[in-house]
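In: What follows is a protein structure lacking sequence information:
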């Protein structure tokens, strides 16, 4: 069962506010996932950004949550970067403020975080890694490019069945400003809303 604060947030997300041109972009991922459902295949989604520190983690986490919320089975969400850095601490804080249970498992340069969203589901382990890390799928997955730089820098993702650019503005632009926390929340809500829209469109067979 989803944690109550997360469930309440999901209910409040307004997918009607997503512009039509954006829905057309999101349809590419809907079509990929729907084919997998019809074919009774596992849906592997690897969200890729440059540093795997902000947007790709938000997309991975919210996609996994929405799969659970809409009871879409056999969905496994991952994230990676064109290089590994570290999960930005404000991403963990933003998720915590949205109702997730966050625990830092290590305090190294690239720490691992235990991210819980439901009582009866495995935790998500969040840390920065390259998109081809051994913890990510090497074949039969969709590569979802969450930033334009990674999309430009990686014209070919080995093993990807489908490459889908669903890019977001980097909340990093607000770092060090009074608006920083509100911008991170705004980006998290944007991504959560779009993931809600995507998963709400998947028809079970």
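Out: Received the coordinates, thanks. Note that the coordinates shown come from a computational prediction; the quantities given were computed from them, not determined experimentally.

In: Report the contact partners of residue 142.
Out: 29, 32-33, 43-46, 160-164 (C-beta atoms under 8 Å, 6 or more residues apart in numbering). Every residue, glycine included, has its C-beta placed from N, CA and C.

In: Wasn't it part of a strand?
Out: Yes. Residue 142 sits within a strand when classified using DSSP: H, G, I helix; E, B strand; the rest coil.

In: which residues does it bridge with?
Out: residue 45, residue 162 (DSSP bridges).

In: that older thread, how about CSV for the contacts of residue 142, with distance to residue 111 and pLDDT added?
Out: Formatted as CSV, the contacts of residue 142 follow (distance: C-beta to C-beta, whole Å; pLDDT from 0 to 100):
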residue, distance to residue 111, pLDDT
29, 30, 98
32, 32, 98
33, 31, 98
43, 28, 98
44, 25, 98
45, 24, 98
46, 21, 98
160, 28, 96
161, 32, 96
162, 31, 95
163, 30, 95
164, 29, 96
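
In: And the residues you listed, which is closest to residue 5?
Out: Distance to residue 5, by C-beta to C-beta, is smallest for residue 45 among these, at 24.3 Å.

In: Please name the residues that touch that closest one.
Out: 29, 60, 63, 75-78, 141-142, 144.

In: will you turn these into TSV that also has distance to residue 21?
Out: TSV is the format used below for the contacts of residue 45 (distance: C-beta to C-beta, whole Å):
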residue	distance to residue 21
29	15
60	24
63	21
75	26
76	29
77	25
78	27
141	26
142	21
144	18
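
In: which of those residues are buried?
Out: Buried members of those, counted by 16 or more other C-beta atoms under 10 Å: 29, 60, 63, 75, 77-78, 141-142, 144.
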